[in-house]
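1. Okay, structure incoming, though there's no sequence with it:
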Ligand SMILES: Cc1cc2nc3c(=O)[nH]c(=O)nc-3n(C[C@H](O)[C@H](O)[C@H](O)COP(=O)(O)OP(=O)(O)OC[C@H]3O[C@@H](n4cnc5c(N)ncnc54)[C@H](O)[C@@H]3O)c2cc1C
Ligand SMILES: Cc1cc2nc3c(=O)[nH]c(=O)nc-3n(C[C@H](O)[C@H](O)[C@H](O)COP(=O)(O)OP(=O)(O)OC[C@H]3O[C@@H](n4cnc5c(N)ncnc54)[C@H](O)[C@@H]3O)c2cc1C
Ligand code: FES
């Protein structure tokens, strides 16, 4: 079956929800597609049980209002559990495929968000080591606490809600380890002051952590994980690190979960097959490039493609909301002024840029690797094999390493390892972008692919 | 409460939970064993990106535990050999 | 950095690197240049089949037979490590015409020294237990082999370097230096390199290199898509394809042709091909072709319907109008040699082609007559 809409939005997180709302309010007929069971994206991930959800979120009111507005809007059709596995432009139509349906439109908004950035270290494949986002998704989406004694580590403000969430719901957080120094914010205090809501949110988390007697340590990182005899996480090696991330000293910390986040990686899966211009940010992340109206650059004449939210660069939910609104208005060709929204976006963008400066990931993480450390979790490719490909087989990029070692060829198609391999090679932008090209966004069965009557 | 089986043992989960979340509540942390080394793997990214949480669900391999909602009577097995 | 090489080779694909290996083994000092890195062109798209089954008796078959054995010799020489395996090929025929054609082909192939075994019913299903029940006629080719072409090329490159050869990546040849009717070297984005012999192993770029030298080679891209499954326990044990494939390979039609080609690999993934079409360097993925490939594969192996598709990619086969490789000295420019246009068989044909060219350059007699592959076969009217 082929379903058409004037405008299609992919992604039901803050950016996509707002984009759909603004576009529909401007009179357009909108299809909103998300792979999940419920709307909300990462930020407003929820269980659907109102009581649980209220208690899990810092800011669920805003989210439920927006989700209700979208669900109630007769101009918006919502498609859940609809993962887009491929996209292309055929005869001036954007074609989007789920495993059993095809969507078509001439105006698309991509709002596919981001996922946790993970750095490899010895033992990062042991069950119990997970991303901070995973711990958060367990809590917000399932009402489940990730473990009995949890270390939250990595860098960035996201560690705070994760730790506060776990501890305030009865979990034992044995440490919050922030790689940045304690006063890393000080030089940027002016930007902080312009975002009072962020200060309040942060203070709220810190208070909550204090109440639970959770200790926050700065300049520290998890650099190795250790398994018990069943192969499950038993402890981690914590290092005091310098500003380049080199290890100064270490100690052992017992835990059954280590929830680690090094920021986020934008999900630009759709960009490659749609031929959208992508770029590389200072932190090495590949993003979809957009203009001031959130419009993408491409060579298809009759179609319009926009992108909003974290697929255009990581920046949090406020930025995603503002970008979504601007994209929604622009896509619907609305006359309505978006100058207020642009101001919001500008402020949120500045804040996001400062975050990247205050919470950098320094290259010294490479010194945590041993020859046996896995770089590619799926295909179990070790650091040693990557080095050999480089030193003996003339591999020069993540793409070369992929073909020579299968690093990045597994089920996740390199979503977890490719960015790290590009960092290991100090890759140029062109190679970084090339390494993210995945025309099959997510696996489908050959039987599903073989169906007749779909484009 | 929903009943499902994991490796033949009956477990309970909450409706609306993912398979991985329900397993964690039951202190089951191993979803699969890696293809080459046989090392255990469990939930990692939690949102469908990393494929480390793959399980065999009702006989079908390679399904992500973090994305699949638990259903009454579901037969869940650890994934080996893939 | 390059103290006067004897030979400059343009292209670090399987053909250029194999040629470098043959020449450096013979004692020549080689310099390989590539605009990308090693094996970054069509070679990275190859499935790595080393086939004798898909060729009718012809000079190309002689080349294929020699190459096939040479792959195993190289494997010994350089210490393996590129997944070379004589896994065998199974060709099946579904229609009456297909069955007749296949039987005629195997009988002719046997006369040329190929081990081509006619098989039916149970024997066929013993080789491939998941083959569709409705398929009962086939042929088995134990000589058909496979390798991982990018690793193979990279490993051979390592051996070339051990022989004193040099490789410079990221180097695009922008002009060919010609003095009178003799080649003198190349001009690149990284400067000028001189040598009395220049070998054009630029794959789909070989026509352009000939043009830069003021000569002519009609080599164009022929696009092909491959589906790659998620890793799974082994279901398919050989390279299995429909007899139609042989006809498609030889066809000169510009429009799309597809035939089912299915194989399991050592890494546990299943590769599914093959499509052929002439659409220039159009890099877009055509999903309607992917759907056809999936349907055809499921027809051969119904169990594949349950298997997950993980990746899909396309590559451009470098092909000449008569589907034969171009191996030999340029008719107009002395010292410019071509080794290109191997279309869908460049991995399989690489070591033999390298040996033919190296023997010709060194003035030695070779294992076969290379006239059929001579660049002089294209009309000189095309030359500028
Ligand atoms: C696991 C995780 C947890 C997070 N938790 C918090 C938090 O608690 N607090 C906080 O401030 N920030 C959190 N973040 C940061 C978060 O990324 C942003 O706050 C915000 O959600 C970004 O909004 P967005 O609309 O750009 O993308 P998202 O909210 O990520 O929404 C993108 C949506 O697109 C869908 N999608 C993607 N690809 C496809 C496809 N091919 N087909 C169909 N649908 C698709 C996804 O299912 C998702 O629902 C979290 C991030 C992650 C990765
Ligand atoms: C989908 C597909 C499947 C295939 N499967 C098989 C198979 O199973 N078995 C088999 O035998 N064959 C197969 N082939 C064919 C095989 O891949 C090719 O015949 C072979 O790789 C050609 O090798 P090459 O070295 O000539 O070309 P390439 O690998 O393309 O090498 C040429 C090199 O020249 C470089 N170059 C070009 N122009 C310049 C310039 N101006 N300056 C510097 N460098 C330049 C390029 O960067 C490139 O690296 C397949 C092909 C495709 C597309
Ligand atoms: S935990 Fe990463 S896909 Fe489920």
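-> Right, received. Where do you want to start? All values reported here derive from a predicted model rather than from experimental measurement. Ligands and ions are numbered 1, 2, ... in the order given.
2. Quick check: the gap between whichever residue of chain B sits closest to ligand 2 and residue B:61.
-> Ligand 2 sits closest to residue B:35 of chain B, with a gap of 24.2 Å, by C-beta to the nearest ligand atom. In short, each C-beta sits where N, CA and C put it, glycine included. Distance of residue B:35 to residue B:61, computed by C-beta to C-beta, to the nearest Å: 12 Å.
3. ditto for residue A:353
-> 43 Å.
4. In terms of neighbours, single out the busier of those two.
-> residue B:61 (20 against 16; other C-beta atoms under 10 Å in any protein chain shown).
5. Which residues are in contact with residue 29?
-> All of this is about chain A. Contact analysis of residue A:29 by C-beta atoms under 8 Å, 6 or more residues apart in numbering or on different chains lists A:5, A:6, A:7, A:75.
6. um, chain B though
-> A:127, A:128, A:232, B:23, B:40, B:42, B:43 are the contacts of residue B:29 under C-beta under 8 Å, 6+ apart.
7. and the stretch 151-300 of chain C, which residues reach ligand 1?
-> Contact residues, the stretch 151-300 of chain C versus ligand 1 (C-beta under 6 Å from any ligand atom): none.
8. who in the stretch 151-300 of chain C is up against chain A?
-> Residues of the stretch 151-300 of chain C lying close to chain A by C-beta under 8 Å from any C-beta of the partner chain are C:151, C:154-155, C:157-158, C:167, C:169-170, C:227, C:229-231, C:267, C:272, C:284-285, C:287-288, C:290-291, C:294-295, C:297-298.
9. can you rerun that using 7 Å?
-> Listed as neighbours of chain A in the stretch 151-300 of chain C under the rule C-beta under 7 Å from any C-beta of the partner chain: C:151, C:154-155, C:157-158, C:167, C:169, C:230, C:267, C:284-285, C:287, C:290-291, C:294-295, C:297-298.
10. all helices of the stretch 51-200 of chain C, in order?
-> C:59-78, C:96-111, C:121-127, C:149-162 (DSSP state H, counting those that start in this stretch).
11. how near is residue C:249 to chain B?
-> 34 Å (C-beta to the nearest C-beta, to the nearest Å).
12. SS state for that residue?
-> At residue C:249 the chain is in helix, as set by DSSP: H, G, I helix; E, B strand; the rest coil.
13. who touches it in this structure?
-> By C-beta atoms under 7 Å, 6 or more residues apart in numbering or on different chains, residue C:249 lies in contact with C:54, C:344.
14. and it, what pLDDT?
-> The model reports residue C:249 with a pLDDT of 71.
15. And residue A:207, by the same measure?
-> 92.
16. so it is in which element?
-> Element membership for residue A:207 (DSSP states H and E) is helix A:196-211.
17. how close does the residue nearest to residue A:254 when sequence neighbours are not counted get to residue A:174?
-> Spatial nearest neighbour of residue A:254, excluding adjacent residues (C-beta to C-beta, 6 or more residues apart in numbering or on different chains): residue A:235 at 4.8 Å. Distance, residue A:235 to residue A:174, using C-beta to C-beta: 10 Å.
18. now swap in residue A:354 and tell me
-> Distance from residue A:354 to residue A:174, by C-beta to C-beta: 30 Å.
19. Looking at the two, which is more packed in?
-> Each of residue A:354 and residue A:174 has its neighbours counted (other C-beta under 10 Å); residue A:174 has more, 21 against 18.
20. Now name the helix or strand holding the residue of the stretch 351-455 of chain A found nearest chain B.
-> Of all residues in the stretch 351-455 of chain A, the one sitting closest to chain B is residue A:411 (3.6 Å; C-beta to the nearest C-beta). Assigned by DSSP H and E, residue A:411 falls within no helix or strand.
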